[in-house]
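# Fold the following for me, if possible:
(2 chains)
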Amino acid sequence: QSVLTQPPSASETPGQRVTISCSGSSSNIGGNTVNWYQQLPGTAPKLLIYGNNQRPSGVPDRFSGSKSGTSASLAISGLQSDDEADYYCAAWDDSLNGVVFGGGTKLTVL
Amino acid sequence: EVQLLESGGGLVQPGGSLRLSCAASGFTFSNYAMSWVRQAPGKGLEWVSAISGSGGSTYYADSVKGRFTISRDSSKNTLYLHMNSLRAEDTAIYYCAKDRGGSFSTFNYWGQGTLVTVSS
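Below is the predicted model:
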């Protein structure tokens, strides 16, 4: 049972937009910034969004993040087949004094 | 170019010990916090431990507290994870990750991972 809650799966057709949610509490998302990671099959995770809504250089602007209260969302527009991956949210937790991850969402591009 | 290269994984019996290393290059090692993150086979990511750039502050997940010790040697640009009293549930790929700065949860570079298998 992960501290941050994500849907286990999501799917959409190429070219469409998909949103992945991440729900937490006041001790993590509510009081700290949220980061998103993309993990392609068989590879190490990659930072996709940091500071709730900032993209590292090289990440396309099709990827965007937002946060409201104790929840955050990752949106991917103009879906492409190579967006098929696992997506994880993460944040610092002030009560646990550590980093917490969501359980991950497996995105399928139909 | 930032590079993180883990080593030290392998097969160990329950109750045994192992030391993982992560050789870092391409950045000023002592300026950045570092973490270990693991992933059990077919499962999600689990943060294990973090250490500040100076090494003066360390943090652990409850699942490893008292059994694992994180450390760093800035003269060797190397991060370590000393793992004792290993259990079957510690079986995972262990990644070292560099913090971007400021939050301890923004990992902007990851190693390729090293596999630890705990089994008799």
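# On the three-state scheme, B:Glu89 is what?
Three-state call for B:Glu89 (DSSP: H, G, I helix; E, B strand; the rest coil): helix.
# Just give me the neighbour total for B:Leu5.
B:Leu5 has 14 neighbours, counted by other CB atoms under 10 Å in any protein chain shown. Where C-beta positions appear, they are placed from N, C-alpha and C, glycine not excepted.
# What mean pLDDT does the one helix or strand it maps to get?
Counting by DSSP states H and E, the element that carries B:Leu5 is strand B:3-7. Strand B:3-7 shows a mean pLDDT of 98 in the predicted model.
# Likewise for stretch B:20-28?
97.
# Identify the residues contacting that stretch?
B:1-9, B:34, B:36, B:76-81, B:83, B:94, B:96, B:98, B:111, B:114, B:116 (CB atoms under 8 Å, 6 or more residues apart in numbering or on different chains).
# Could you check the pLDDT of the residue nearest to A:Ser23 when sequence neighbours are not counted?
The spatial neighbour of A:Ser23 that comes closest, neighbours along the chain excluded (CB to CB, 6 or more residues apart in numbering or on different chains), is A:Thr5 at 4.4 Å. Note on A:Thr5: pLDDT of 97.
# quick one on the thing from earlier: the strand holding B:Leu5: how far from the chain's middle?
Relative to its parent chain, strand B:3-7 has a centroid offset of 10 Å by CA atoms, centre = their mean, to the nearest Å.
# Which residues outside it are in contact with it?
B:20-26, B:94-98, B:109-114.
# Just the buried subset of the contacts of stretch B:20-28, please.
B:4, B:6, B:8-9, B:34, B:36, B:77-81, B:83, B:94, B:96, B:98, B:111, B:114, B:116 (16 or more other CB atoms under 10 Å in any protein chain shown).
# Just checking: what are the partner strands of the strand holding B:Leu5?
According to DSSP bridges, strand B:3-7 forms sheet pairs with strand B:18-25 (antiparallel).
# Could you count how many residues lie near residue 40?
Chain wasn't specified; assuming chain A. 13.
# nope, chain B please
Neighbourhood size, B:Ala40 [other CB under 10 Å]: 13.
# hang on, the earlier thing: just the ones in strands from the buried ones among the contacts of stretch B:20-28, please.
B:4, B:6, B:34, B:36, B:78-81, B:83, B:94, B:96, B:98, B:114, B:116 (DSSP state E).
# out of the residues you listed, who's nearest chain A?
B:Leu4 (9.1 Å; CB to the nearest CB).
# residue contacts, the closest residue to the closest one other than its chain neighbours?
In space, and not counting its chain neighbours, B:Leu4 is closest to B:Gly111: 3.6 Å by CB to CB, 6+ apart. Taking CB under 8 Å, 6+ apart, we find B:Gly111 in contact with A:Ala44, B:Leu4, B:Leu5, B:Glu6, B:Cys22, B:Tyr95, B:Cys96, B:Ala97.
# Ok, A:Cys22 next?
Counting by CB under 8 Å, 6+ apart, A:Cys22 makes contact with A:Leu4, A:Thr5, A:Gln6, A:Ile29, A:Val34, A:Trp36, A:Ser71, A:Ala72, A:Ser73, A:Leu74, A:Cys89, A:Gly102.
# And for the last one, the neighbour number?
Spelled out, it's A:Gly102. Neighbour count of A:Gly102, defined by other CB under 10 Å: 28.
# quick revisit: mark which of the contacts of strand B:3-7 are buried, thanks.
For those, a burial check counting by 16+ other CB under 10 Å picks out B:20-24, B:94-98, B:109-111, B:113-114.
# Right, I'll call it a day here.
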